[in-house]
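Peer 1: my questions are about this predicted structure, shown below with the sequence.
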Amino acid sequence: MNKLRRIGPFIVLTCFTVAVFYPFVFHDWNLYWGDVSLYFLPLVTLEKHSLMRGLLPLWNPFISCGQPLVGNPQVWLFYPGTLLLRWMPPAEYLTLNTILHTLIAALGAYLFLRRLCGDRLAAQLGAIVYAGSGFFIARAQFPPMLQAEAWLPWMMLLVDRMIDRPRIWYASLLSLVITLELLAAHAQIAYMSFACAGIYAIARLLHLHRHQGRAWLAFWRMLSAFLIGILTSSVQLLPTIQLFKWSPRGSMGWLQANRFTLWPRELVNFILPHYFGNPAKGDYWGPGNFWEPCVYVGVIPLFLVGYAIWRSNRRLATRFFTGAALISVWLALGKFGGLFWVAFHVVPGISNFHDPARFAFVTTFALAVLSAIGLRKLRDFGVHANIRYALLILSAINLVWFSSDINPGVSISDLECKPSALKYLPSPGNGRTFSVLHTLTWHRYVNYDDYGPNTKRYMQNFTNTLTPNFGMRYGWEEANGYEPVPLEESSDVAAATRLAIMDQAPNLASWLYLLDVKFILLPIYTRYPDGDVMPIGEDAKFLSSLNSHLGVSIYVNKETVYPCWLVSHTIRKDKREDSLAALLDPHFDPRTTAIVCGAKGIPFAFPAKGYIDSKAPHHIGKVIYSAMPKHGEFVCSVNAGARPMWLVWSSACYPGWKGFVDGKSTPIYRTDYAYLGLKVPPGMHHIKFEYKPFIFRFALYLSLFGGLLISMGLGFGVYVKGSGKRWIPFDHTTMY
């Protein structure tokens, strides 16, 4: 019986998790909607293909003329769960990953609340409220955010254990959880988790005024655990910090930060979650979207929250989590509350994150804790156990009813349908595509008001639109793409190219050549009367029929394009604004002139020209590929003729790229504002670009060293566990 009492809560939480995701567990459904299909499924597919070939995908050549993959703050390449990709299709992996992390969050919340409240039933309620809340389950379409949310309860649990018994064992476990929190790859949730756990630790330590020796020992060991966790996650953190310096995301303004906020009228979502409708039913009419302000935790838990505040408002835990709930919901109001304005300008780090509504993450966790405290107080005041069981069951049923239909799903066969136009698109290294007006496609298939039907036909039509980032899934390169943390210069060039296409600019051919664009993708039935490009079909009737079949209008660049080319004339512009101005000059032609930053370039030599050597084993314009491009490497052979030439490669410039001419290291320079270039001596040469970032290698060594420290700490903890001085546990009956 005692064993059943111990394992019973874990069985209950597992059954609850399965009930919330029952369509995905029993109906063979997979997550697909929103960012899952637009962003994370393509990235995970790219990772799987690379890892299966034994390659570490440091560079992503498929979007925006190249983008660093390691360092992307929303890619969890080094997270342990990535190992599941070895045996699972990407879509099934994302679904299973979500279910597992929901269970991890529930188990962590239960263990923390069991320790805090000293009551199994109350701990189960709090765990169900946290892991089954609208805020948590709605993040299933954003895997790294949900992964990071799962580790906050474990962090709080270990902070408590460290304060009660500041052992090396607990410190090592805390370092491990901090590492997992950071490798989960969502900086904003990690930031809020550390703030919550850190402030809670300070409050607990200050409460230990009678045990100052233990308090100081716990403080220093927790600080050491935090620093070791940071060290171990260096492989994720250091490349991310570097990317932020090269991205416009690092200089976000006030209006950009307030993209999604919790509007004051959306506070009704705490009680009436469907007041503004539900996109699953196609009737959502609220401001913004459904999931950012999704703060529902159930009506009964809210009643218990109020009861906890009323009956135990002098307890440390009640005061702390009440304050956390109020402050975080105030911050979630963003521009409507005022507090976020102060935090944005005063608190370090907050200005790097948008969507204040996400502060409701802390609100949700605090309400889960308070609801558990409220149920424990009912026990203290003599409420019968059957009533408390009934409250737990009703709360679970209520959350299953609400959360189980937040995320739509489709079968794996429907999700893996291929675009009808796939045979017309270029293979890697033979030109890129450029999507124009793709937001119109998103408004139709990925709008906030209606998820749409989860049918095979709907998914096929959506796939046929060739919306950005689908190239990662199906194997063509894109000159632009959907990337929340893009390289700034690449974004500027993509915006200028989009404007040139929309305006039918006279120098459109130059822009397409610069980006190696072979195909322009427009929404279905779009007519584009420009002499530089032509539709796939010359006959209008055939074109209309083809558009209807393909689901997208495809226009072909008449000019032959290459991923790299030689020019005989360079101009030097070292300042960013000067380089951009030269690029935007209507008379600038990248086919004959290169804008070089940081080097003299080559002397003006006219009319000497470089040319393609068709007799070379791999002539310019051709990349050495096997089945797929070897990410992070470009190889070609060129003949510069009798004079030095400048080689331009249409790949985004970023630290870590190295150039080689005939095997000898050669300096590479930013060319044409956003791309790579190097000087080629006269004659025939073998050229190689290779992406080997020093910061990644340095960070990897730091992570390995940090992992060694954690392993040593865990080993030492196992060795001394059960021996040595035991600290008297803090009396948690005074906490709630």
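Peer 2: Sure thing, it's come through.

Peer 1: can we go C-alpha only for contacts and neighbour counts from here?
Peer 2: Fine.

Peer 1: check which element follows the host helix or strand of residue 393 along the chain.
Peer 2: Using DSSP states H and E, residue 393 sits in helix 385-403. Counting by DSSP H and E, the element after helix 385-403 in chain order, helix or strand, is strand 409-411.

Peer 1: where along the stretch 201-350 of the chain do the helices fall?
Peer 2: Assigned by DSSP state H, counting those that start in this stretch, the helices in the stretch 201-350 of the chain fall at 212-232, 234-245, 254-257, 299-311, 316-332, 339-346.

Peer 1: show me what contacts residue 236?
Peer 2: Applying CA atoms under 8 Å, 6 or more residues apart in numbering, we find residue 236 in contact with 70-71, 73, 78, 182-183, 185, 699.

Peer 1: and stretch 28-41, what's buried?
Peer 2: 29-41 (16 or more other CA atoms under 10 Å).

Peer 1: ok, and what's touching stretch 324-341?
Peer 2: 196, 258, 261-264, 355-360, 362-364, 366-367.

Peer 1: average pLDDT for that stretch?
Peer 2: Averaging pLDDT along stretch 324-341 yields 94.

Peer 1: now do it: distance to the chain's middle.
Peer 2: Between the centre of stretch 324-341 and the centre of its host chain there is 24 Å, according to CA atoms, centre = their mean, to the nearest Å.

Peer 1: and that stretch, end to end?
Peer 2: 18 Å (CA to CA, to the nearest Å).

Peer 1: buried ones in that stretch?
Peer 2: Across stretch 324-341, burial judged by 16+ other CA under 10 Å covers 324-337, 339-341.

Peer 1: returning to that earlier point: from the contacts of stretch 324-341, which would you call buried?
Peer 2: 196, 258, 261-263, 355-360, 362-364, 366-367.

Peer 1: pull the most distant pair out of the residues you listed.
Peer 2: Pairwise distances across the buried ones among the contacts of stretch 324-341 (CA to CA) peak at 24.2 Å, for the pair 258 and 367.

Peer 1: pLDDT at the closest residue to residue 379 other than its chain neighbours, what is it?
Peer 2: Nearest residue to residue 379, sequence neighbours excluded (CA to CA, 6 or more residues apart in numbering): residue 385, at 7.4 Å. Note on residue 385: pLDDT of 90.

Peer 1: neighbours of residue 385, just the number please.
Peer 2: 12 (other CA atoms under 10 Å).

Peer 1: and what of residue 651?
Peer 2: Residues near residue 651, counting by other CA under 10 Å, number 24.

Peer 1: how would you label it: helix, strand or coil?
Peer 2: Secondary structure, DSSP: H, G, I helix; E, B strand; the rest coil: residue 651 is strand.

Peer 1: mind listing what it touches?
Peer 2: Counted by CA under 8 Å, 6+ apart, residue 651 has contacts 61, 65-66, 563, 674-676.

Peer 1: got those as TSV, with neighbour count, secondary structure and distance to residue 49 columns?
Peer 2: Formatted as TSV, these follow (neighbours: other CA atoms under 10 Å; DSSP: H, G, I helix; E, B strand; the rest coil; distance: CA to CA, whole Å):
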residue	neighbour count	secondary structure	distance to residue 49
61	26	coil	13
65	26	coil	19
66	25	coil	17
563	23	coil	23
674	26	coil	28
675	23	strand	26
676	24	strand	26
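
Peer 1: need the worst-confidence member of these.
Peer 2: Ranking the contacts of residue 651 by pLDDT, residue 563 lands last with 88.

Peer 1: distance of that residue from residue 44?
Peer 2: The spacing between residue 563 and residue 44, counted by CA to CA, is 25 Å.

Peer 1: which of the buried residues of stretch 28-41 sits closest to residue 533?
Peer 2: Of the buried residues of stretch 28-41, the one sitting nearest to residue 533 (CA to CA) turns out to be residue 38, at 27.4 Å.

Peer 1: from residue 131, how far out is the closest one?
Peer 2: From residue 38 to residue 131 the distance is 25 Å (CA to CA).

Peer 1: and residue 443, how many residues sit next to it?
Peer 2: For residue 443, the neighbour count with other CA under 10 Å is 12.

Peer 1: for the stretch 1-150 of the chain, which spans come out with low pLDDT?
Peer 2: Applying pLDDT under 70 to the stretch 1-150 of the chain flags the ranges 1.

Peer 1: including distance to residue 91, could the contacts of residue 651 go into CSV?
Peer 2: Below are the contacts of residue 651 laid out as CSV (distance: CA to CA, whole Å):
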residue, distance to residue 91
61, 22
65, 26
66, 24
563, 32
674, 34
675, 34
676, 35
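
Peer 1: hang on, the earlier thing: of the buried ones among the contacts of stretch 324-341, closest to residue 101?
Peer 2: The nearest one, if we look at the buried ones among the contacts of stretch 324-341 relative to residue 101 and count by CA to CA, is residue 364, at 16.5 Å.

Peer 1: ok so, going back, out of the buried ones among the contacts of stretch 324-341, list just those in helices.
Peer 2: Mapping the buried ones among the contacts of stretch 324-341 onto helices (DSSP state H) picks out 196, 360, 362-364, 366-367.

Peer 1: quick check, nearest of those residues to residue 109?
Peer 2: The closest of those, once distances to residue 109 are taken by CA to CA, is residue 366, at 11.1 Å.

Peer 1: would you confirm that the closest one contacts residue 321?
Peer 2: Yes. Using CA atoms under 8 Å, residue 366 is in contact with residue 321, at 5.1 Å.

Peer 1: ok, which pair from the buried residues of stretch 28-41 is furthest apart?
Peer 2: 29 and 39 (18.9 Å).

Peer 1: poorly predicted segments of the stretch 551-700 of the chain, please.
Peer 2: By pLDDT under 70, the weakly predicted segments of the stretch 551-700 of the chain are 603-630.

Peer 1: which residue ranges of it form helices?
Peer 2: Counting by DSSP H, counting those that start in this stretch, the stretch 551-700 of the chain has helices at residues 576-584, 694-720.

Peer 1: can you add distance to residue 648 and mean neighbour count and give those back as a markdown table?
Peer 2: Putting these into a markdown table (distance: least, CA to CA, whole Å; neighbours: other CA atoms under 10 Å) gives the following:
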| stretch | distance to residue 648 | mean neighbour count |
| --- | --- | --- |
| helix 576-584 | 14 | 16 |
| helix 694-720 | 23 | 17 |
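
Peer 1: out of the ones you listed, nearest to residue 480?
Peer 2: For the helices of the stretch 551-700 of the chain, proximity to residue 480 was assessed by CA to CA; helix 576-584 is nearest, at 17.7 Å.

Peer 1: pull stretch 70-84 out as PDB, backbone CA atoms only.
Peer 2: Only the C-alpha atoms of stretch 70-84 are listed here, as PDB (Å, rounded to 0.1, in the frame of the first residue of the first chain):
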ATOM      1  CA  VAL A  70      24.700  26.400 -34.400                       C
ATOM      2  CA  GLY A  71      24.000  29.700 -32.600                       C
ATOM      3  CA  ASN A  72      20.400  30.000 -33.700                       C
ATOM      4  CA  PRO A  73      18.800  30.600 -30.300                       C
ATOM      5  CA  GLN A  74      15.800  28.400 -31.300                       C
ATOM      6  CA  VAL A  75      17.700  25.300 -32.400                       C
ATOM      7  CA  TRP A  76      18.300  22.700 -29.800                       C
ATOM      8  CA  LEU A  77      21.000  20.700 -31.600                       C
ATOM      9  CA  PHE A  78      22.900  19.700 -28.400                       C
ATOM     10  CA  TYR A  79      19.800  19.000 -26.300                       C
ATOM     11  CA  PRO A  80      19.700  15.300 -25.300                       C
ATOM     12  CA  GLY A  81      16.300  14.800 -26.800                       C
ATOM     13  CA  THR A  82      17.700  15.400 -30.300                       C
ATOM     14  CA  LEU A  83      19.100  11.800 -30.200                       C
ATOM     15  CA  LEU A  84      15.500  10.600 -30.800                       C
END
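
Peer 1: list the buried ones in that stretch?
Peer 2: Buried, per 16+ other CA under 10 Å, within stretch 70-84: 70-79, 81-82, 84.

Peer 1: which strands or helices does the helix holding residue 393 pack on?
Peer 2: In terms of contacts (3 or more CA pairs under 8 Å, 6 or more residues apart in numbering; DSSP states H and E), helix 385-403 is packed against helix 2-20, helix 120-131, helix 134-137, helix 299-311, helix 360-380.
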